[in-house]
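Novice: Next one to model:
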Amino acid sequence: MSQPKAMNLRFPDPAQRAAIEAAAKQEGVSLQEYILSAAYARATAVEERFLEAFRESMSRSGDVFAAEAGAVDPRGEQRAAELEARRELEEQQERGHAA
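Specialist: Numbering: from 1, shown residues only. Predicted coordinates:
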C-alpha cells in the first residue's frame, strides 16, 4: 500500500504564504492542517447559510399554503353540491349506456 502524498501547496504570492504559515504556527498546527481546517470551516459556513435560507423559504411557503388553504378547500355545502352533481352525471351516463 502506498503512502499518501502530501498536499502540494503553491502560493503565487510569497506574502500570502508567509501570512498563512504565521497563522498556522500561531495555532500550533501544520500548514496543511491549517488550510484544510479553514477550508472545512468555510464549507460548513456555506452549508449552514444554505440550510438557513432553505428553512426560511420552507417557512414562507408553508405560510402561503396555510393562508390559501381556505381558497383551495371548498366548504361543506360546495362539496355536497359537487358530489350531488357528480352522482347525477354518473346516473345519466349509466342510463345512456343501458339504452
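Novice: C-alpha only now, for contacts and for neighbours.
Specialist: Noted.
Novice: Tell me which other helices or strands the worst-scoring helix or strand of the chain on mean pLDDT touches.
Specialist: Using mean pLDDT, DSSP states H and E, the weakest-scoring helix or strand in the chain turns out to be helix 76-98, at a mean of 81. Applying 3 or more Cα pairs under 8 Å, 6 or more residues apart in numbering; DSSP states H and E, we find helix 76-98 packed against no helix or strand.
Novice: so how far is that helix from its chain's centroid?
Specialist: On the basis of Cα atoms, centre = their mean, to the nearest Å, helix 76-98 sits 44 Å off its chain's mean C-alpha point.
Novice: in the chain, which spans are strands?
Specialist: Using DSSP state E, no strands are found in the chain.
Novice: in it, which residue is closest to the centre?
Specialist: In the chain, the residue lying closest to the centroid (Cα atoms, centre = their mean) is residue 54, at 4.8 Å.
Novice: Please tell me how far that residue sits from residue 61.
Specialist: Residue 54 is 10 Å from residue 61, where distance means Cα to Cα, to the nearest Å.
Novice: any idea how far residue 80 is from the residue nearest to the centre of the chain?
Specialist: Look at residue 54 and residue 80: by Cα to Cα, they are 39 Å apart.
Novice: Same question for residue 86.
Specialist: To residue 80, residue 86 is 10 Å away according to Cα to Cα.
Novice: Just give the number of residues close to residue 38.
Specialist: Using other Cα atoms under 10 Å, residue 38 is surrounded by 12 other residues.
Novice: ok, now how distant is it from residue 32?
Specialist: From residue 38 across to residue 32, the span is 10 Å (Cα to Cα).
Novice: what touches both of those two?
Specialist: When contacts are counted by Cα atoms under 8 Å, 6 or more residues apart in numbering, residue 38 and residue 32 have no shared neighbour.
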